[in-house]
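S.K.: Everything below, folded, please.
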Amino acid sequence: FEKLEPEFMDIRARDALGRRMHMEEPTSPNGIRLENANGSVTTDPSKITRPTLMLYGEAAGNQGYMQGGWNRLDFFGQLSTVDKSYVLIPGGGDYAHLQDCRARVFAATVNFLQAA
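M.R.: Okay, here's the model as predicted:
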């Protein structure tokens, strides 16, 4: 529940999603738990040559588990593609695609894909 920032979503939706995640996540055969168990693989942004959309809710980086070795804007600046977009969504957190600002997330994604 602490990952679903309450200030960015309807409390009923937050509670329902949290309960569902609590039921499903332990039985998931892949995803972040497996990735964490195997250790992170460092990505070299200069080797990324495809169109790239980096999209975040404004508060996403505030979560303790979101603190990585890269500053996101530095990483973005070193991408080896001119077809890239960095979008910071106001009023959202780590789950911006499920939170009140989700229409902005969807619009930014569609706009990027249409332009690419």
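
S.K.: State the distance from the nearest residue to residue 92 once chain neighbours are set aside to residue 96.
M.R.: Among residues not flanking residue 92 along the chain, residue 57 sits closest, at 2.8 Å (C-beta to C-beta, 6 or more residues apart in numbering). From N, CA and C alone the C-beta is placed, and that goes for glycine too. Distance, residue 57 to residue 96, by C-beta to C-beta, to the nearest Å: 3 Å.

S.K.: which neighbours do those two share?
M.R.: 8, 89, 105 (C-beta atoms under 8 Å, 6 or more residues apart in numbering).

S.K.: Go through the residues you listed and flag which are in helices.
M.R.: residue 105 (DSSP state H).

S.K.: Tell me the one among the shared contacts of residue 57 and residue 96 nearest to residue 78.
M.R.: Nearest to residue 78, judged by C-beta to C-beta, of these is residue 89 at 22.3 Å.

S.K.: pretty sure the closest one is in contact with residue 55, am I right?
M.R.: Yes: Residue 89 lies in contact with residue 55 (C-beta atoms under 8 Å); the separation is 6.7 Å.

S.K.: Looking at the two, which one has more neighbours?
M.R.: Shown here are residue 89 and residue 55; by other C-beta atoms under 10 Å, residue 89 has more neighbours (23 against 18).

S.K.: who's in contact with that one?
M.R.: Residue 89 sits next to 55-58, 96, 101, 104-105, 108 when contact means C-beta under 8 Å, 6+ apart.

S.K.: Need these in TSV (columns: distance to residue 49 and secondary structure).
M.R.: Converted to TSV, the contacts of residue 89 look like this (distance: C-beta to C-beta, whole Å; DSSP: H, G, I helix; E, B strand; the rest coil):
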residue	distance to residue 49	secondary structure
55	19	strand
56	22	strand
57	27	strand
58	28	coil
96	27	coil
101	30	coil
104	28	helix
105	25	helix
108	22	helix
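
S.K.: Pull out the buried residues from those.
M.R.: 55-57, 96, 101, 104-105, 108 (16 or more other C-beta atoms under 10 Å).

S.K.: Can you list the low-confidence ranges for this structure?
M.R.: Applying pLDDT under 70 to the chain picks out residues 1-3, 25-36, 40, 63-69, 116.

S.K.: Quick one: the helices in this protein, in order.
M.R.: Taking DSSP H, the helices of the chain run over residues 11-24, 32-38, 72-77, 102-115.
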